[in-house]
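**Student:** predicted coordinates and the sequence they were generated for:
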Amino acid sequence: MFHSRCIAGALVLFGGFLKAAGALAATLSVAVQTSDGRPLGGAVLTVHALNAPGRPAVPVNAIMDQVDRAFIPDLLVIPAGSTVEFPNSDSVNHQIYSFSAAKKFQLPLYRGKRYPPVRFDQVGFVTLGCNIHDSMLAYVVVTDAPYFGRTDSRGSWSVELPRGTYRVTVWHPRARESAQSGREMTIGDADRTSVTLRLAQPLQPAPLDGRHSWDAY
């Protein structure tokens, strides 16, 4: 399984700032690319305010199902304090586990909705597997960032932010590790700030089965 750590330090940051009179909020538009310049869809972006304490996002109740011997969806991004329900809609039994420091748990062999939702209180990256089917792999990214999301198929994501200074971090299941964790940027007088974040290193190879949402790069 891949190591799950923030890799925004392994980025080359390009900024394009559109000068215009603005209100108190502006749009941050982010494009994420692989090291060879291809759009990277499904990358996780988190944004923390540095010049003022940011209010964390409200916890949610999410669902990660199991269908055709795969997790659906196979990557969730949730605020700290959220819960995730793990129903098994498959035709076979599964046994979910996590040995990750952010959340260690196990749901013994089951089908249907045998167990209550699991609460994720600690910020970090949680890798999920199945003790019965080794090819099953999923991630839960638990964040305390007030702003977060994932890039679309074009590698793009945008968010409305108050003016200020922020740290933008990026993570992807196939990205290689980095000792640093982010890049700082300022949202100034422009109504829209556009940046391109390019990975400094090639993605790790995808598993041979190619069953995951992050494999096709």
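**Tutor:** Yes, it's here. Numbering: from 1, shown residues only.

**Student:** now do residue 186 against residue 24, distance only.
**Tutor:** To residue 24, residue 186 is 15 Å away according to CB to CB, to the nearest Å. Where you see a C-beta, it was placed from the backbone N, CA and C, and this is true even at glycine.

**Student:** which one is residue 184 nearest to, not counting chain neighbours?
**Tutor:** Nearest non-adjacent residue to residue 184, counting by CB to CB, 6 or more residues apart in numbering: residue 167, 5.4 Å away.

**Student:** quick check: domain ranges of this protein?
**Tutor:** Segmentation of the chain into domains, based on automatic domain parsing, reads 8-56+154-199, 61-143.

**Student:** save the ones you listed as JSON lines, and put in distance to residue 205, mean pLDDT and mean neighbour count too.
**Tutor:** Listed next are the domains of the chain as JSON lines, based on distance: least, CB to CB, whole Å; pLDDT from 0 to 100; neighbours: other CB atoms under 10 Å:
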{"stretch": "domain 8-56+154-199", "distance to residue 205": "8", "mean pLDDT": "80", "mean neighbour count": "17"}
{"stretch": "domain 61-143", "distance to residue 205": "14", "mean pLDDT": "96", "mean neighbour count": "17"}
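
**Student:** can I get the ones you listed in JSON lines with distance to residue 213?
**Tutor:** Below are these laid out as JSON lines (distance: least, CB to CB, whole Å):
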{"stretch": "domain 8-56+154-199", "distance to residue 213": "6"}
{"stretch": "domain 61-143", "distance to residue 213": "5"}
